[in-house]
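Engineer: Need coordinates for the following:
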Amino acid sequence: MALEKLNYSDDEIAELLDKTQLADEFSWSQIVKISGFLSAYYANNGEIIYREGDHDESMAIIAKGSIKITKTDENNNTTTLAQLHASQSLGEMALIDGEPRSADVIASTNVILLILTKKKLNQLSQKIPALGMKLLWKIARTISLRLRKTSSNLVEQVHK
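Structural biologist: Down below sits the predicted model:
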């Protein structure tokens, strides 16, 4: 990940985080606390944020802009799997399981991302256990909802 780190204060990060889906179940004071464990990054339109196969135990929350998730097959054909916009998150699986990235993530516009690393999630969980657990449950629920949607889409494709 070759992104430009932004020197945002915790309060500036909190303001950005507050406008995202991840924050919708947290109080303002909890958002401020979580923000102390996030870093803000900037990516230009077209820049690769994550590359398939990379080992990077982090997730990103899109604060501004949009990204696309793509997969390239053995014939070098690229398919866009998803387009995500401000307020959405990505990379939760790598944060949780530490496995290599399963697809490329490319900035579709200039983007600002809030990054949570596994190390920072562990620090948050040790320092404020209840908040770390609440955040982990939110991330797990996001993964679960995506898996349900993927399963539903797969059933539709099989029955075509």
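Engineer: residue ranges of the strands in the protein, please?
Structural biologist: Here the chain has its strands, by DSSP state E, at 4-6, 39-43, 48-50, 58-64, 66-72, 78-85, 89-90, 104-107, 111-117.
Engineer: can you count the residues close to Thr78?
Structural biologist: Neighbour count for Thr78, taken as other Cβ atoms under 10 Å: 12. The way it works is simple: take the backbone N, C-alpha and C, and place the C-beta from them, glycine included.
Engineer: Contact partners for it?
Structural biologist: Residues near Thr78 by Cβ atoms under 8 Å, 6 or more residues apart in numbering: 70-72.
Engineer: So it versus Ile106, what's the distance?
Structural biologist: Between Thr78 and Ile106 the computed distance is 10 Å (Cβ to Cβ, to the nearest Å).
Engineer: list residues touching both of those two?
Structural biologist: Thr70.
Engineer: quick revisit: can you lay out the strands of the chain as JSON lines showing mean pLDDT and distance to Ile13?
Structural biologist: Formatted as JSON lines, those follow (pLDDT from 0 to 100; distance: least, Cβ to Cβ, whole Å):
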{"stretch": "strand 4-6", "mean pLDDT": "96", "distance to Ile13": "9"}
{"stretch": "strand 39-43", "mean pLDDT": "98", "distance to Ile13": "6"}
{"stretch": "strand 48-50", "mean pLDDT": "95", "distance to Ile13": "18"}
{"stretch": "strand 58-64", "mean pLDDT": "97", "distance to Ile13": "8"}
{"stretch": "strand 66-72", "mean pLDDT": "95", "distance to Ile13": "19"}
{"stretch": "strand 78-85", "mean pLDDT": "93", "distance to Ile13": "19"}
{"stretch": "strand 89-90", "mean pLDDT": "94", "distance to Ile13": "14"}
{"stretch": "strand 104-107", "mean pLDDT": "96", "distance to Ile13": "19"}
{"stretch": "strand 111-117", "mean pLDDT": "98", "distance to Ile13": "6"}
